[in-house]
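K.L.:
Model the following, please.
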Amino acid sequence: MIIDNLFIGLITFRRPKGLRRALEGIAALTFETTPPPITVIVVDNDRDGPMAGLIEEMRLSFPFPITYAVHPEPGIPFARNRVVAETKGADGVILFIDDDEYPEPEWADQLLAKYRATGAEAILGPVISEFETTPPQWVSEGGFFVPRRFADGGVVPFGNTANILIDLKVFKALGLQFDPRLRFTGGEDTLLGMMIHKKGGRMLWASKARVHELVPASRVSSRWLVSRKFREGNTYVLSEKLSGCSMIRQVSLFLSAVARVGGGTAVRHGEAGQGHLAYGPRPRHAERFRRSPVRRIQDDPRIVNLSLEGKKCRENAVRQRILPAYGHNAVATFRSDTSRGAQQT
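P.N.:
Numbering: from 1, shown residues only. This is a model prediction of the structure:
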């Protein structure tokens, strides 16, 4: 298979160290055979264009051409669509990587190899977390940052632009884009993946196409983890709705408290003074939680509901390993007291 062009796209916002590290990783890419013509596209989503100096500095010795553009309208979908627009309608493929990641030397070559072998509309690979500081034991045991994995060459049910190759015909022939309606919520990559499947395309897994994500200490906390899972749950369900899923599917999502593919989570509020966590579907852990400081446990064939009382909601859920037991399948909101009202954490 002949590939006309290889574009590597990054969007960035005030992360000079991360952007430099990502570009250094791209500069060190290796290929077993001569690759297609490579162009790196960096879109700065800060209207002041603060990364211009860094780009000019690195451009002097960079092995590939760099296109730098400032997109002043805030929002990840707008910035990603600008990256696609900077390909100027060319044929080929585009690889996306985040500005807090760096690729392994064989990253692009592995994505290209899987694309050449399959012709799939998108190829995804694993994102491996590296911690700025040693994480607490409960984080390691909970597996919160363990990357998702699929069989090599297997179908991937959702999109993620942290590590992906996309055939540019997805945007041209299929007429897709990163949906601007998700500018404030995120999930535009999830929705794009759903639409690729809906249009009859394929998204496959390349297990050796690895990138590394740097995790700052500020993200290794129960507050950040629960907040992230809450956001991911909401954006996944919203993406399902925007993709045109049936009413039956929407009702199913609600009833089973799905927040992630394969058993995610939805959130429900109770009366003041309680925090409600709805987990699904792994009820075999329920007996373990009966020994935890919970006010009520209600078992269901598909959901385990835990109502945790008072100020200790988050501590009980996370520190005492209710939340870690569910790993990346858990999210929650808490209501701490009547005066403060609902509090998302």
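K.L.:
Every contact and neighbour count from this point should use C-alpha atoms.
P.N.:
Fine.
K.L.:
Provide a list of residues in contact with the residue lying closest to residue 209 once chain neighbours are set aside.
P.N.:
Nearest in space to residue 209, with sequence neighbours left out and distances taken as C-alpha to C-alpha, 6 or more residues apart in numbering, is residue 107 at 4.4 Å. The contact partners of residue 107, taken as C-alpha atoms under 8 Å, 6 or more residues apart in numbering, are 29, 208-211.
K.L.:
same check, this time on residue 48
P.N.:
Residues near residue 48 by C-alpha under 8 Å, 6+ apart: 70, 72.
K.L.:
which SS class is it?
P.N.:
Three-state assignment for residue 48 (DSSP: H, G, I helix; E, B strand; the rest coil): coil.
K.L.:
Repeat that for residue 204.
P.N.:
Classified using three-state DSSP, residue 204 is strand.
K.L.:
And the furthest pair within the contacts of residue 107?
P.N.:
Maximum pairwise distance among the contacts of residue 107 (C-alpha to C-alpha): 13.9 Å, between 29 and 208.
K.L.:
Looking at those two, which one has more neighbours?
P.N.:
residue 208 (18 against 15; other C-alpha atoms under 10 Å).
K.L.:
so that one makes contact with residue 110?
P.N.:
Yes - at 6.3 Å, residue 208 counts as touching residue 110 under the criterion of C-alpha atoms under 8 Å.
K.L.:
how about the strands of the stretch 1-150 of the chain, start to end?
P.N.:
Counting by DSSP state E, counting those that start in this stretch, the stretch 1-150 of the chain has strands at residues 6-12, 38-44, 66-70, 93-97, 101-103, 122-124, 127-131.
K.L.:
Residues in contact with the first one: which ones?
P.N.:
Right, strand 6-12. 19, 35-45, 76, 79-80, 83, 87, 92-99.
K.L.:
at 7 Å instead, please
P.N.:
For strand 6-12, contacts defined as C-alpha atoms under 7 Å, 6 or more residues apart in numbering pick out 36-45, 79-80, 83, 92-99.
K.L.:
With the third one instead?
P.N.:
Strand 66-70 is touched from outside by 39-47, 49, 59, with contacts defined as C-alpha under 7 Å, 6+ apart.
K.L.:
Relative to that strand, what are the paired strands and their orientations?
P.N.:
strand 38-44 (parallel) (DSSP bridges).
K.L.:
how far off strand 93-97 does the partner strand point, in degrees?
P.N.:
50 degrees (axes from the mean of the first three to the mean of the last three C-alpha atoms, to 10 degrees).
K.L.:
Report the distance from strand 38-44 to the chain centre.
P.N.:
Centroid displacement of strand 38-44 relative to its chain, using C-alpha atoms, centre = their mean, to the nearest Å, is 20 Å.
K.L.:
Apply the buried test to the contacts of strand 6-12 and list what passes.
P.N.:
38-45, 79-80, 83, 92-99 (16 or more other C-alpha atoms under 10 Å).
K.L.:
and residue 110, how many neighbours?
P.N.:
Neighbours around residue 110, by other C-alpha under 10 Å: 20.
K.L.:
can you check residue 184 too?
P.N.:
By other C-alpha under 10 Å, neighbour count at residue 184 equals 12.
K.L.:
Residue 145 too?
P.N.:
Neighbour tally, residue 145, other C-alpha under 10 Å: 19.
K.L.:
Look up the closest residue to it, ignoring the ones flanking it.
P.N.:
Excluding its sequence neighbours, the residue lying closest to residue 145 (C-alpha to C-alpha, 6+ apart) is residue 129, at 6.3 Å.
K.L.:
try residue 201
P.N.:
In space, residue 201 is closest to residue 121, 5.7 Å off (C-alpha to C-alpha, 6+ apart).
K.L.:
mind checking pLDDT for that neighbour?
P.N.:
Note on residue 121: pLDDT of 97.
K.L.:
For the residue nearest to residue 145, give the beta-bridge partners.
P.N.:
Those that pair with residue 129 in a beta bridge, by DSSP bridges, are residue 213.
K.L.:
Hmm, it is touching residue 211, no?
P.N.:
No - here residue 129 lies out of contact with residue 211, judged by C-alpha atoms under 7 Å, at a distance of 8.8 Å.
K.L.:
Between these two, tell me which one has more neighbours.
P.N.:
residue 211 (24 against 16).
K.L.:
in the helix ranked longest in the chain, what's buried?
P.N.:
Counting by DSSP state H, the longest helix found in the chain is helix 222-242. Across helix 222-242, burial judged by 16+ other C-alpha under 10 Å covers 222, 225-240.
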